[in-house]
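Asks: Provided below for reference: sequence and predicted model.
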Amino acid sequence: MLYEASQAGTTVVDAPSQGASGSPFAQVMVSISKQEYVQLKWDAQYWQMQHQRAQSREAQLKARIEALQARVRDLCQRLFGRKTEKSSAPSEQQSKPPQSQRPRGQQRGSRGHGRVDFSHLPAREDVRELSEAQRCCPNCGKVAVEFAPSEDSEVIEIEVKAYRRLIRRKRYRPSCDCAYLPGIMTAPVPARLIPKGILAISVWVEILLAKYLHAQPTNRLLRSWSSLELTLPQGTVIGGLKYLAPVFTPVAQALQGKQLSEGLCHADETGWRVFEQLADKVGYRWYLWVFRSASAIVYVMAPGRGAKVPLEYFSKLLVQTVVVCDRYAAYKKLARIVGLMLAFCWAHVRRDALTLARGYPDTQAWAMSWVQRIGTLYHLNDARVAVHNDPVSFAKADQQLRAHLAQMVTDRDTQLADDSLRRAARKVLVSLQNHWEGLTVFVERPEIAMDNNAAETALRNEVLGRRAYYGSGSVWAAHLAGCLFSILMTWVHCWQINPRRWLQEYLEACAEYGAAPKDLSPFLPWQMSAERLAAMRLTGGSPTTQTPHGIVLDTS
């Protein structure tokens, strides 16, 4: 269509023929007004723009549908698939030589460890005798005589019973007229943990262990005690726990001070419920934060998940500290303000690749190649840490580790430069690139773990408790749970201390003093004497092992 000003308002005329090959419309000249021309151009541009917007919206919707379908596949795998991130691919074995299949357990002909030694348990003799009729000879009537030694065997018994301890305080009166003694003397009153309370310390020890160490709801514990003919009102237990809450606060504060002086800890958080309405909070969702080091595991209950919680916790740092954590933004803000060094978790990077493989099946080969790279990195670091006492072997293993990391950087940058790389896969590599500095902290400091599994496993018992009794009924109960989680988990998993014995002795000291004792040195493992620490240790083995990085992990 051509517009010529000199032909405005004229009619359509036939143009001269320019060849038989042209279409009829190409040989016709049309003359229109300038207003009509401008209107047609505007309409054409408008509809072109609308078409472009529709195409862009369609592309966004397709990408959104693809992402949602990937999420559905991922959630279906989490709900119905295997509950492990391990793959059956040969790459997960780190090129280990194939081993012959053998049955599990002790092998025939191998030297066993023998029976467990129970000699530390007190023994009660149970003498079994034959009656005189059984020992009498049916022919002559003579009775068989005893022949030493006896046939001995033993079994392990557990006796659980509830009883009343009647306290009889004898009274005395002087038998002379010297007037040096008071009129009537009485034996002293035994100290009680709760004034006028009827429950002894042993009962409170069982309640605290069941709820905060073994994740057992209070109602279930009281129902089990009813079979022992002990019926306790739940209100009595709740009131007693509220009274006891302040005596554990100094110990939890001592744990925090010890941890802040060590220079290395793991951090993580999980949801918790506190069923008490607060004026400035909507809902009942709280968060349980855990900070784990080699000597202490500290739990903090907080109404939110923001950076305020770790900022307040690390505000009293005594030394430069490295925090092993995930990529949550609160930790990044903590590093900017407090000046901490963050060591990010490689397990989360591996999880990104596995999630991508589940959500986008066409990227599975690409994602599993990165899982293999990360698995090799773990293998090389474990080999390096295993020879840290041998400088020559360590230098060789360290060189192999650094070469593998350099190759990972090359592969990452090369793939990012590829325009055909899928958007979801590019997102994984961009995250890897942005967090690379924190992910490689362990290279210069081999004592730092590559992942945050130490903190995540420290939340396992508490998550079981959350599922069993849904959380806490009030704010004070939530903070008491945080204190007792910290104390009991630290004693068991960091110091292998018998929690029952520690609670018994500590509560006895609280009963004698009337509050928490001012001198906590007899009850803090790092201040105990070697003899007392050995006496407080769990006997018969411990359900914990020591990792090469100095963090005690639960392997039970």
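Replies: Sure thing, it's come through.

Asks: So Gln433 is in contact with Leu416, correct?
Replies: Yes. Counting by C-beta atoms under 8 Å, Leu416 is a contact partner of Gln433 at 7.1 Å. Backbone N, C-alpha and C define where each C-beta goes, glycine included.

Asks: Distance of the nearest residue to Asn461 once chain neighbours are set aside relative to Arg500?
Replies: Distances taken as C-beta to C-beta, 6 or more residues apart in numbering put Ala215 closest to Asn461, at 5.8 Å, once the chain neighbours are dropped. Counting by C-beta to C-beta, to the nearest Å, the gap from Ala215 to Arg500 is 16 Å.

Asks: doesn't the residue nearest to Asn461 fall inside a helix?
Replies: No. Using DSSP: H, G, I helix; E, B strand; the rest coil, the assignment for Ala215 is coil, not a helix.

Asks: wait, what's in contact with it?
Replies: Asn461, Glu462, Leu464, Gly465, Ala468 (C-beta atoms under 8 Å, 6 or more residues apart in numbering).

Asks: Mind doing that once more with 10 Å?
Replies: Neighbour list for Ala215: Arg460, Asn461, Glu462, Val463, Leu464, Gly465, Arg466, Arg467, Ala468, Tyr469 [criterion: C-beta atoms under 10 Å, 6 or more residues apart in numbering].

Asks: I'd guess Leu222 is in a helix, am I close?
Replies: Yes. Counting by three-state DSSP, Leu222 is part of a helix.

Asks: Surely it and Pro233 touch.
Replies: Yes. Under the contact definition of C-beta atoms under 10 Å, Leu222 touches Pro233, with a separation of 8.5 Å.

Asks: Comparing the two, which shows the higher neighbour count?
Replies: For Leu222 versus Pro233, neighbours defined as other C-beta atoms under 10 Å are more numerous around Leu222 (18 against 9).

Asks: Can you tell me, leaving aside adjacent residues, what's nearest to Val371?
Replies: Spatial nearest neighbour of Val371, chain neighbours left out: Ala353 (5.0 Å); criterion: C-beta to C-beta, 6+ apart.

Asks: I figured that neighbour was touching Gln372, is that so?
Replies: Yes. The pair formed by Ala353 and Gln372 meets the contact definition of C-beta under 10 Å, at 9.5 Å.

Asks: Can you name the residues that contact Ala54?
Replies: Counting by C-beta under 10 Å, 6+ apart, Ala54 has no contacts.

Asks: what helix or strand does it sit in?
Replies: helix 34-80 (DSSP states H and E).

Asks: Heading C-terminal from that helix, find the next helix or strand.
Replies: Per DSSP H and E, the first helix or strand lying C-terminal to helix 34-80 is helix 132-135.

Asks: Going along the chain from that following helix, find the next helix or strand for me.
Replies: Heading C-terminal from helix 132-135, the first helix or strand you meet, by DSSP H and E, is strand 171-172.

Asks: chain center to that next one, what's the gap?
Replies: Here the centre of strand 171-172 is set off from its chain's centre by 58 Å, with C-alpha atoms, centre = their mean, to the nearest Å.

Asks: average pLDDT across that strand?
Replies: Per-region confidence: strand 171-172 scores 86 on mean pLDDT.

Asks: Do a quick rundown of the helices in the stretch 301-450 of the chain.
Replies: When secondary structure is read from DSSP state H, counting those that start in this stretch, the stretch 301-450 of the chain shows helices at 308-313, 329-338, 346-359, 364-386, 391-416, 423-434, 436-439, 441-444.

Asks: now swap in the stretch 151-300 of the chain and tell me
Replies: 201-212, 218-226, 234-259.

Asks: want to throw the ones you listed into a markdown table with mean pLDDT and distance to Trp289?
Replies: Rendered in a markdown table, the data for the helices of the stretch 151-300 of the chain read as follows (pLDDT from 0 to 100; distance: least, C-beta to C-beta, whole Å):
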| stretch | mean pLDDT | distance to Trp289 |
| --- | --- | --- |
| helix 201-212 | 95 | 17 |
| helix 218-226 | 93 | 24 |
| helix 234-259 | 95 | 12 |
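
Asks: quick one, which of those helices is packed in tightest?
Replies: A comparison of the helices of the stretch 151-300 of the chain by mean neighbour count, using mean count of other C-beta atoms under 10 Å, puts helix 201-212 on top with a mean of 19.

Asks: quick one: that helix to helix 218-226, angle?
Replies: An angle of 140 degrees separates the directions of helix 201-212 and helix 218-226 when computed by axes from the mean of the first three to the mean of the last three C-alpha atoms, to 10 degrees.

Asks: Could you name the helices and strands sitting against helix 201-212?
Replies: With contacts defined as 3 or more C-beta pairs under 10 Å, 6 or more residues apart in numbering; DSSP states H and E, the packing partners of helix 201-212 are helix 218-226, helix 234-259, helix 460-469, helix 475-493, helix 499-513.

Asks: List buried residues within the contacts of Ala215.
Replies: Burial by neighbour count, judged by 16 or more other C-beta atoms under 10 Å, picks out Asn461, Glu462, Gly465, Arg466, Tyr469 from the contacts of Ala215.

Asks: Is Leu264 in contact with Cys325, as I believe?
Replies: No. Here Leu264 does not reach Cys325: they are 11.8 Å apart, not a contact under C-beta under 10 Å.

Asks: more neighbours, the two?
Replies: Neighbours per residue (other C-beta under 10 Å) separate Leu264 from Cys325, with Cys325 holding more: 27 against 23.

Asks: what's the spacing between the one residue sitting closest to the centre of the chain and Ala481?
Replies: With distances taken as C-alpha atoms, centre = their mean, the residue of the chain nearest its centroid is Glu456 (2.2 Å). According to C-beta to C-beta, Glu456 stands 19 Å off from Ala481.

Asks: Relative to Arg358, which of the helices and strands packed on helix 201-212 is closest?
Replies: Between Arg358 and these, the shortest gap by C-beta to C-beta is with helix 460-469, which sits at 23.0 Å.

Asks: what comes into contact with that closest one?
Replies: Outside helix 460-469, the residues that touch it by C-beta under 10 Å, 6+ apart are 211-220, 270-273, 288, 290, 299, 456, 459, 471-472, 481-482, 485, 488-489, 492-493, 554, 556.

Asks: Just the CA coordinates for it, please, in PDB.
Replies: The C-alpha trace of helix 460-469 is given here as PDB (Å, rounded to 0.1, in the frame of the first residue of the first chain):
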ATOM      1  CA  ARG A 460      16.100 -35.200  64.900                       C
ATOM      2  CA  ASN A 461      15.000 -35.900  68.400                       C
ATOM      3  CA  GLU A 462      13.300 -32.600  68.800                       C
ATOM      4  CA  VAL A 463      11.300 -33.100  65.500                       C
ATOM      5  CA  LEU A 464      10.100 -36.500  67.000                       C
ATOM      6  CA  GLY A 465       9.000 -34.600  70.100                       C
ATOM      7  CA  ARG A 466       7.200 -32.000  67.900                       C
ATOM      8  CA  ARG A 467       5.300 -34.800  66.200                       C
ATOM      9  CA  ALA A 468       4.500 -36.500  69.500                       C
ATOM     10  CA  TYR A 469       3.200 -33.600  71.600                       C
END
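
Asks: CA atoms only: put stretch 227-236 into CSV for me.
Replies: Taking C-alpha atoms only, stretch 227-236 is exported to CSV below (Å, rounded to 0.1, in the frame of the first residue of the first chain):
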residue,chain,number,x,y,z
SER,A,227,-0.4,-49.4,85.2
LEU,A,228,2.0,-49.1,88.2
GLU,A,229,-1.0,-47.9,90.3
LEU,A,230,0.4,-44.3,90.3
THR,A,231,-2.1,-41.8,89.1
LEU,A,232,-0.9,-38.2,88.9
PRO,A,233,-3.0,-35.2,87.7
GLN,A,234,-1.5,-33.6,84.6
GLY,A,235,-1.9,-30.1,86.2
THR,A,236,0.4,-31.2,89.0
